[in-house]
Structure formats: structure tokens, C-alpha cells
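> any chance you can model this:
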Amino acid sequence: MNTVHKVPALLSVIAASLLLGACASGPSAPMGAADTRSKLISLQGDPQLANRAPVAIKLAETAVIAAEKPTDDEALGQHRVIIADRKVETARALAETRLLEEQRTQLSSQRESARLASRTREADMAHRATDMAYAENEALRVQLADLNAQETERGLAITLGDVLFATDKAELLGGGASHLDKLVAFLQQEPERTVLIEGHTDSVGNASYNLALSQRRADSVKNYLQTHGISGNRLSASGQGQSAPVASNDTTSGRQMNRRVEVIISHPVSSN
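The predicted structure follows:
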């Protein structure tokens, strides 16, 4: 009698167990959804990429959530995972592209800044060179004015009057050194220029004697320049005697003007 009553109870327990087992083995997240979620988390945690494609990352997150939903339809679940994975990869690719574009723009900007800085330095150097050239030209102008130099077809002509020599002498007077020292200073700054030194006399006395005297005087000036550092290769001396007067020898003042040493400095060598 007791055995008959136990059978329905046993059947009830078995049915309940089967029901619980059925409930425990319900739909689960599709295979691959967890990997896709990991990819998304990695993208969202990358400080260089997370803020560069916010819309695409948001769409990828929505797709991942959908892919994680349990479903009995295995094909549907796999389709959702594939879609989510593609959206995550697309979001990453977009973020990386924008990062590269920004880096390229930044590099281009740095190069442009470097080019601008280089041009600025070149302009500054050009300005300094111009200023230096102006200063040198101004100093040269002052020196030439101090020497009473005149521009001629032959070059710069500097006339040294009879203050250099005593009458009928070829030895330099002490007072004439200051005039020649100015000439030395100028020639030291213009090393490419050559110098022709010409001695001249008035017509008093024998012409041959005057020619020889003018040569000795020209040589004296040449020797002074050489002993003060001017290369002899740049210097030549020539006596002209009384052959090239600049004034009449009939007057005292005229003869004084004719007794002279002329220094002809060549034109600057062209840089072209």
C-alpha cells in the first residue's frame, strides 16, 4: 500500500528536476562576444585614441551590447558578434587615422616654424651684413675725405704737396709722416688695391735733374709704405719730373702746386 503512494511522489521529484535543468540550460551569450568586449575596453582605455572617434566608439559599444545578449538563434548571435567586432575595428581605425593626421599636421607645423626661424635668422644676418657694409663704407668715406682723395678714371688720386720734402731733397720730413700714416691705414683695409706713386717737380732747374729728384721722392714714399706693412707687390713708383704740371710755373703759388707726390689707388676689384 505504501509503495503505491510513493510512485506519484517520485514522479513529481523527477519532473521538478527536469524543469530546473531546463531552466538552468537557457540561452547564453554568443561565442566571441567576450573577445569583442575586450577589444572595445582596450580602445576606450587608450588615452590617444578614446577621444578621437567618440561617435564611432559609441556605435561600437551599442553593437557590443547587442552581441552580448543571449539568444537561442546561434546564427543571429554570431552575426551580431561579427557586426560588433567590425564596428570596434572601424572605430579603432578611425581613431588611429585621426591621430596620425594630427601628428602629421603637428610635424608640418614644426617644420614650418623651423623654416620660418631659419628665414628670420637669414634675414637678421643679411641686415647685419648690410649694417656692417654701411659702417665700412662710411668709415671708408671718412678716410677718403681725410686724405682729400679725388675719384678719377685712373682710380683714387691723393695729392701730397711739398710738405713731405725739403727743397731739393728726397728724404721725408717728420711732419709728412702723419699724411702717409693715414694712407697706410686706408691701404691696410683695402688689400686688393694697388698703388702707383708719382713724383712731380716744378720747372726750376735742369729737367734731367728734376726727373731724377721726382723718382727719388716717389721711391721714398714707396719705401715708407713698405716699412709700415704694405706689400711691395702692390706698390710702384715713377718719377715724372716737370712733365705734368697742374699749374703755371710762372708764379710762386703755381710752382708750389707742381711740387707734389701723387698717389693713385686702383679701383676696387669687382666681385662679379
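> got the contact list for the residue nearest the centre of the chain?
Centroid-nearest residue in the chain: residue 118, 3.7 Å away (criterion: C-alpha atoms, centre = their mean). Taking C-beta atoms under 8 Å, 6 or more residues apart in numbering, we find residue 118 in contact with no residue. Using the backbone N, CA and C atoms, a C-beta is placed for each residue, glycine as well.
> check residue 39 too.
Going by C-beta under 8 Å, 6+ apart, residue 39 touches 85, 88, 89, 92.
> can you give the domain ranges for this structure?
Following automatic domain parsing, one finds the domains of the chain at 24-140, 148-265.
> returning to that earlier point: got phi/psi on the residue nearest to the centre of the chain?
Backbone torsions of residue 118, given as degrees, to the nearest 10, read phi -60, psi -40.
> residue 88 versus that one, what's the distance?
Counting by C-beta to C-beta, to the nearest Å, the gap between residue 118 and residue 88 amounts to 45 Å.
> same question for residue 110.
Distance, residue 110 to residue 88, using C-beta to C-beta: 33 Å.
> who has more neighbours, the two?
residue 88 (28 against 10; other C-beta atoms under 10 Å).
> so for the strand or helix carrying the more buried one, mean pLDDT?
Take DSSP states H and E as the rule and residue 88 turns out to sit in helix 74-147. For helix 74-147, the mean per-residue pLDDT is 86.
> so where's the protein shaky on pLDDT?
1-26, 137, 270-272 (pLDDT under 70).
> can you map out the strands along the stretch 151-272 of the chain?
156-160, 195-200, 235-239, 260-265 (DSSP state E, counting those that start in this stretch).
> now do the last one against strand 195-200, angle only.
Translated: strand 260-265. If you take axes from the mean of the first three to the mean of the last three C-alpha atoms, to 10 degrees, strand 260-265 sits at 160 degrees to strand 195-200.
> now do the buried residues in strand 260-265.
260, 261, 262, 263, 264, 265 (16 or more other C-beta atoms under 10 Å).
> partners of it in the sheet?
In the sheet containing strand 260-265, its partner strands are strand 156-160 (antiparallel), strand 195-200 (antiparallel), by DSSP bridges.
> need the CA coordinates for it. CSV is fine.
Extracted in CSV, the C-alpha atoms of strand 260-265 (Å, rounded to 0.1, in the frame of the first residue of the first chain):
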residue,chain,number,x,y,z
ARG,A,260,104.0,117.2,-55.3
VAL,A,261,103.6,113.5,-55.0
GLU,A,262,100.5,111.9,-56.4
VAL,A,263,99.3,108.6,-55.1
ILE,A,264,96.9,106.8,-57.5
ILE,A,265,95.0,103.9,-55.8
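> picking that back up, output the strands of the stretch 151-272 of the chain in a markdown table; the columns should cover distance to residue 96.
Shown next, in a markdown table, are these (distance: least, C-beta to C-beta, whole Å):
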| stretch | distance to residue 96 |
| --- | --- |
| strand 156-160 | 73 |
| strand 195-200 | 75 |
| strand 235-239 | 77 |
| strand 260-265 | 73 |
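> of all these, which one is nearest residue 251?
Counting by C-beta to C-beta, residue 251 lies closest to strand 260-265 out of the strands of the stretch 151-272 of the chain; the figure is 15.4 Å.
> list the contacts of that closest one.
Residues contacting strand 260-265 (C-beta under 8 Å, 6+ apart): 149, 152, 154-162, 164, 183, 186-187, 190, 193-200, 217-218, 221, 246.
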